[in-house]
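K.L.:
A predicted structure for the sequence below; I have some questions about it.
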Amino acid sequence: CKDELAPHLPQLHPFLLQQLNSPESVPQLRCIAAWTLARYASWAVDQANNLPGGNGANGGDPSLVGQVAEALVKRVLDPHKKVQIATCSALGVFVEAAGDLMAPYLEPVYRILMQALQKYGTRSRLVLFDTLGVMAEYVGAAIGEGLLPGMYVPPMLRLWNDIATENPFDRSLLPLMECLGSS
């Protein structure tokens with residue numbers, strides 16, 4: 001399916017971004033748009049790199065990575081739980097494909113993910129922990145540079161303390177520990 005759809009992605013990709021961000025889109029459509037953007041994340045990264053040479057050296061559009069990241073991150077704070085989970089998961093898949101191309105966008109991404117950390121319930125939070133772990137693994141050392149660790153480590157430690165104090169057997173403590181360990 002991927003090869004057959006590839007010629008149509010230049011038209012489909014902007015449409016998916018529009019549907020993800022449109023206030024008129026129903027939650028199910030936002031979930032599908034997020035899933036599809038994640039499914040074709042490698043295409044967006046290839047377009048940003050324009051394959052040989054990388055980093056836009058051959059006429060690629062490096063801002064495409066930022067556009068997709070921004071669209072997905074905006075919907076991480078969606079009021080609908082299913083959209084939260086879909087976009088958070090899609091962001092993780094996109095980060096896997098984009099790798100260190102995400103480095104210039106980390107500050108705004110982490111700012112919103114930390115808002116989500118405070119807002120999410122247990123199920124959405126588990127997906128968020130996975131996404132944060134993926135970011136640590138695929139983006140690399142950039143997540144530990146500058147003021148970035150001060151943005152995400154204290155809220156995660158506070159959450160750890162709050163959850164462990166309330167219920168030391170809470171099922172989200174292990175994923176949170178894994179997330180902290182990878183950060």
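P.N.:
Yep, that arrived.
K.L.:
just the CA coordinates of the least confident helix or strand in the chain by mean pLDDT, formatted as PDB?
P.N.:
Across the helices and strands of the chain, mean pLDDT, DSSP states H and E gives its lowest value to helix 2-5, namely a mean of 77. Extracted in PDB, the C-alpha atoms of helix 2-5 (Å, rounded to 0.1, in the frame of the first residue of the first chain):
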ATOM      1  CA  LYS A   2       2.800   2.400   0.800                       C
ATOM      2  CA  ASP A   3       4.400   2.200  -2.600                       C
ATOM      3  CA  GLU A   4       1.000   2.700  -4.300                       C
ATOM      4  CA  LEU A   5       0.200   5.700  -2.200                       C
END
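K.L.:
Let me see the backbone angles for Tyr120.
P.N.:
phi -70, psi 150 (degrees, to the nearest 10).
K.L.:
what's it in contact with, if anything?
P.N.:
84, 128 (C-beta atoms under 8 Å, 6 or more residues apart in numbering). Glycine gets a C-beta too; all of them are placed from N, C-alpha and C.
K.L.:
do Cys31 as well
P.N.:
82-83, 86-87.
K.L.:
any idea how far Ala38 is from the nearest residue to Leu147 once chain neighbours are set aside?
P.N.:
Here the nearest residue to Leu147 in space, its sequence neighbours aside, is Glu107; by C-beta to C-beta, 6 or more residues apart in numbering that works out to 7.8 Å. Glu107 sits 22 Å away from Ala38, going by C-beta to C-beta, to the nearest Å.
K.L.:
Looking at those two, which one has more neighbours?
P.N.:
Ala38 (22 against 13; other C-beta atoms under 10 Å).
K.L.:
For the more buried one, give me its contacts.
P.N.:
Ala38 neighbours (C-beta under 8 Å, 6+ apart): 89-91, 93-94.
K.L.:
For these, could you give me CSV that also reports secondary structure, distance to Ala116 and pLDDT?
P.N.:
Converted to CSV, the contacts of Ala38 look like this (DSSP: H, G, I helix; E, B strand; the rest coil; distance: C-beta to C-beta, whole Å; pLDDT from 0 to 100):
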residue, secondary structure, distance to Ala116, pLDDT
Ser89, helix, 12, 97
Ala90, helix, 14, 97
Leu91, helix, 10, 97
Val93, helix, 17, 97
Phe94, helix, 16, 97
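K.L.:
Which one of those residues is nearest to Leu16?
P.N.:
Taking C-beta to C-beta as the measure, Leu16 lies nearest Ala90 of those, at 10.5 Å.
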